[in-house]
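Engineer: 3D, please:
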Amino acid sequence: MERNDRLIRKKIYKYMLNGVLNTIALQLGNVVDAIIVGNLIGSIGNAVISTASPYIYTLQAITILLGSGGALSIAVLLGKREISTAGKVMGACIYAITLYSLFFAFLSPILVPSFVRYTGVQGQLSILLGDYIQVFSLGIPFISFVIGMAYYIGVDNHPALASRIYIVANAANLVLDYILVRYTSLGIKGAALSTALGYIIAGIIFIPQYFKSKNRMVTPSFRIHHILEVKSELFNTIKSGFPNLLYLILTVIGISTINKNIVQSIGNDYYMAYAVTSNTQNIVQMFLNGISSVIASVAGVLYGEKDYFRIRVVLSRTVKTALLVSVAIMAIFIAVPQAIAAMYGFNNQAVLPELLVGLRFFALGFCFLSLNAISQNYYRTIGRISLSMLSSTMQLLVLKVPLIILGLRTWGFRGIFIAIIFSELLSFVILNVVRIILQMKAIIPQKGFMTLPENSEERICDISVTGSDVAAVMVSEKIIDYCVKEDIPVSKGNMLGLASEEMISNISKYGYPKGKEKNIDICLSRKEEKLYLRIRDDGIPFDPTLYTGDENNEISGLKLLKKLAIKISYIRVLDLNNTIFEIEV
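Structural biologist: Residues are numbered from 1 along each chain as shown. Coordinates of the predicted model:
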């Protein structure tokens with residue numbers, strides 16, 4: 001009868017599954033490109049994909065910034081019931097993503113040769129690198145638009161549709177990769193072209209479905225004056241997405257610096273071996289980023305509602321799942337590193353034994369990698385941006401680059417992976433030491449890793465039920481008791497109790513298909529001279545503010561609450577009905 005996590009738990013795993021599918025599909029293009037090119041063109045092709053990654057990340061920078069930041073802002077705004085504002089934020093983000101990608105596509109004839117010269121690669125490797133990046137640059141406007149829309153579609157009640165976009169885009173990419181690389185004269189250009197074509201196909205199929213959906217809450221606004229009206233929200237969007245952008249920037253700097261040092265210190269053969277481990281990290285991050293993405297999708301909405309209890313549930317289950325997956329992947333890397341090397345077409349027998357040892361060392365850092373990824377996503381979601389950026393900076397640049405260079409010069413090739421383990425571990429330790437110091441100085445007032453208040457600012461009556469008639473009666477009793485403790489007039493308390501009982505009964509009776517499990521959360525809170533009754537369920541969509549039944553035949557619990565309330569707000573978010581009744585004391 002007390003509050004529990006049953007309703008949110010179902011959403012955690014639904015969004016987590018879709019998040020994993022999204023990131024698998026999103027990053028599968030990089031993995032597939034590396035595998036197919038490595039096997040069809042050879043190790044030099046795999047090295048091209050790895051060397052190109054800093055430039056590709058730069059092309060995707062604005063999409064990461066405004067995709068992740070915009071999705072989080074939209075989630076929080078939906079939690080606050082500010083649907084119109086969410087539409088203006090979405091429109092502004094789509095504008096910016098489109099203009100940025102067109103800028104890079106237009107200037108690619110100048111920028112691509114400059115990047116190739118910067119990498120320091122020579123001969124055939126430099127030619128292939130330029131070909132690959134040039135084609136990718138021309139396709140980035142299409143890729144960025146579809147990825148950006150997928151971010152927003154996923155947070156607006158359509159996580160499965162977002163997954164389909166990524167899955168179809170990369171399934172098409174996989175098929176076209178093989179065809180264009182093997183059976184045409186395009187060679188490595190075909191790998192880049194297939195990525196753009198895959199996203200174009202997926203966008204044409206699925207984006208119109210989103211705009212036709214009745215469950216869509218947000219309509220993007222592209223009017224300039226509307227965009228200017230949400231300057232503060234756009235600032236918050238950039239602020240929310242900046243940790244992810246910083247992560248990308250630091251990744252670009254780190255990869256570029258590390259790649260040049262490896263080439264200069266131990267030569268091209270070992271650099272191609274390192275490219276295998278660099279590309280395998282995409283496999284790990286496909287799972288870890290997907291799992292941790294549930295924090296922004298679900299906890300972002302809960303943070304907007306100040307539902308701290310269920311935010312703790314989201315984080316706890318995310319950490320447990322991520323660590324379990326990390327251990328499983330680590331076991332595979334340790335047990336069969338030769339299969340990983342073979343998957344990328346690496347067959348340099350002189351270097352292969354060193355690569356196998358390196359892959360085993362590399363795997364030992366996966367658990368710390370997952371904890372750092374979760375920390376960055378979580379602190380970004382709850383507005384602790386400085387902690388999120390600190391984690392990214394420590395993990396990717398301040399510790400990783402110097403330690404890898406030191407390890408490389410001290411122990412050679414193996415030293416790279418020893419350094420990676422320590423950089424992940426020390427990043428997590430330093431983050432938590434800084435957090436504790438800030439909490440001791442009251443800069444961050446809450447205790448513990450989650451840095452959340454123990455309860456909401458208001459005194460609350462928070463209940464979770466399964467919708468039975470017995471549970472509905474018990475809800476009524478709990479609400480009446482709460483009203484007595486809060487000195488609410490007896491008549492009003494009794495009316496609230498009766499209305500809540502009938503609402504629970506009617507949601508259970510009419511809101512669910514036969515045989516489906518029923519989960520309903522009820523929260524009554526007081527803030528100054530107002531009561532807020534929130535009812536959340538995972539039944540069929542039902543907006544009480546639009547209910548047009550005959551007043552004499554209207555659902556009695558809803559009828560009574562409408563008379564009591566001075567304001568009613570409804571939103572369908574996380575694929576849940578969320579209704580708040582605002583009542584004067």
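
Engineer: What separation is there between the closest residue in space to residue 155 that isn't next to it in sequence and residue 358?
Structural biologist: Using CB to CB, 6 or more residues apart in numbering and skipping residues adjacent in sequence, the residue nearest residue 155 is residue 71, 4.5 Å away. C-beta here means a position set from N, CA and C on the backbone, and glycine is covered the same way. From residue 71 across to residue 358, the span is 36 Å (CB to CB, to the nearest Å).

Engineer: re earlier: show me what the strand or helix carrying the residue nearest to residue 155 is packed against.
Structural biologist: Assigned by DSSP states H and E, residue 71 belongs to helix 61-79. If contacts are counted by 3 or more CB pairs under 8 Å, 6 or more residues apart in numbering; DSSP states H and E, helix 61-79 sits against helix 83-119, helix 123-155, helix 231-294, helix 300-304, strand 565-573.

Engineer: could you dump those to TSV with distance to residue 481, mean neighbour count and mean pLDDT?
Structural biologist: As requested, these are exported to TSV (distance: least, CB to CB, whole Å; neighbours: other CB atoms under 10 Å; pLDDT from 0 to 100):
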stretch	distance to residue 481	mean neighbour count	mean pLDDT
helix 83-119	35	19	92
helix 123-155	37	22	91
helix 231-294	35	21	79
helix 300-304	26	25	76
strand 565-573	21	18	85
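
Engineer: between the ones you listed, which one is nearest to residue 327?
Structural biologist: Checking those against residue 327 by CB to CB gives helix 231-294 as the closest, at 11.7 Å.

Engineer: I'd like to know how many residues surround the residue nearest to residue 155.
Structural biologist: 29 (other CB atoms under 10 Å).

Engineer: same deal with residue 42?
Structural biologist: Counted with other CB under 10 Å, residue 42 comes out at 14.

Engineer: nearest residue to it other than its sequence neighbours?
Structural biologist: Per CB to CB, 6+ apart, closest to residue 42 is residue 345, 6.7 Å.

Engineer: Let me see the confidence value for residue 218.
Structural biologist: Listed pLDDT for residue 218 reads 90.

Engineer: residues touching it, list them.
Structural biologist: 74, 78, 83, 86, 87, 90, 152, 156 (CB atoms under 8 Å, 6 or more residues apart in numbering).

Engineer: ok, 7 Å please
Structural biologist: 74, 83, 86, 87, 90, 156 (CB atoms under 7 Å, 6 or more residues apart in numbering).

Engineer: again, but for residue 152
Structural biologist: By CB under 7 Å, 6+ apart, the residues touching residue 152 are 70, 71, 74, 90.

Engineer: check contacts around residue 98.
Structural biologist: Shown in contact with residue 98 (CB under 7 Å, 6+ apart): 141, 145.

Engineer: coming back round to it: closest to residue 330 among the contacts of residue 152?
Structural biologist: Out of the contacts of residue 152, the member with the shortest distance to residue 330 (by CB to CB) is residue 71, at 29.7 Å.

Engineer: related to what we said a few turns ago, just send the helices and strands packed on helix 61-79 back as CSV, with distance to residue 161 too.
Structural biologist: Formatted as CSV, these follow (distance: least, CB to CB, whole Å):
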stretch, distance to residue 161
helix 83-119, 15
helix 123-155, 6
helix 231-294, 15
helix 300-304, 18
strand 565-573, 15
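
Engineer: Between the ones you listed, which one is closest to residue 391.
Structural biologist: helix 231-294 (8.1 Å).

Engineer: Let me know the angle separating the closest one from helix 61-79.
Structural biologist: 90 degrees (axes from the mean of the first three to the mean of the last three CA atoms, to 10 degrees).

Engineer: Quick one: work out the angle between helix 231-294 and helix 123-155.
Structural biologist: Compare the direction of helix 231-294 with that of helix 123-155 by the same axes, to 10 degrees and you get 100 degrees.

Engineer: Residue 260: what's its closest spatial neighbour, skipping adjacent residues?
Structural biologist: Counting by CB to CB, 6+ apart, the residue nearest residue 260 is residue 120, at 5.9 Å.

Engineer: Could you report the neighbour count for that neighbour?
Structural biologist: With other CB under 10 Å as criterion, residue 120 counts 13.

Engineer: Residue 434 too?
Structural biologist: Other residues near residue 434 number 16, with proximity taken as other CB under 10 Å.

Engineer: ok, it to residue 419 distance?
Structural biologist: 22 Å.

Engineer: Any figure for the gap between the closest residue to residue 343 other than its chain neighbours and residue 41?
Structural biologist: Counting by CB to CB, 6+ apart, residue 35 is the residue found nearest to residue 343 once chain neighbours are left out, at 5.9 Å. To residue 41, residue 35 is 11 Å away according to CB to CB.

Engineer: One more: residue 391?
Structural biologist: 37 Å.

Engineer: quick one: which of the two has more around it?
Structural biologist: residue 391 (30 against 20).

Engineer: Can I get stretch 99-112 in PDB? Just the C-alpha atoms.
Structural biologist: Presented in PDB, the C-alpha positions along stretch 99-112 are these (Å, rounded to 0.1, in the frame of the first residue of the first chain):
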ATOM      1  CA  LEU A  99      22.400  24.900 -40.200                       C
ATOM      2  CA  TYR A 100      25.500  23.500 -38.500                       C
ATOM      3  CA  SER A 101      25.600  20.400 -40.700                       C
ATOM      4  CA  LEU A 102      25.000  22.300 -43.900                       C
ATOM      5  CA  PHE A 103      27.900  24.600 -43.000                       C
ATOM      6  CA  PHE A 104      30.400  21.700 -42.700                       C
ATOM      7  CA  ALA A 105      29.100  20.000 -45.800                       C
ATOM      8  CA  PHE A 106      29.600  23.300 -47.800                       C
ATOM      9  CA  LEU A 107      33.200  23.800 -46.500                       C
ATOM     10  CA  SER A 108      34.200  20.200 -46.700                       C
ATOM     11  CA  PRO A 109      36.500  20.700 -49.700                       C
ATOM     12  CA  ILE A 110      38.700  23.000 -47.600                       C
ATOM     13  CA  LEU A 111      38.300  21.300 -44.100                       C
ATOM     14  CA  VAL A 112      38.900  17.700 -45.100                       C
END
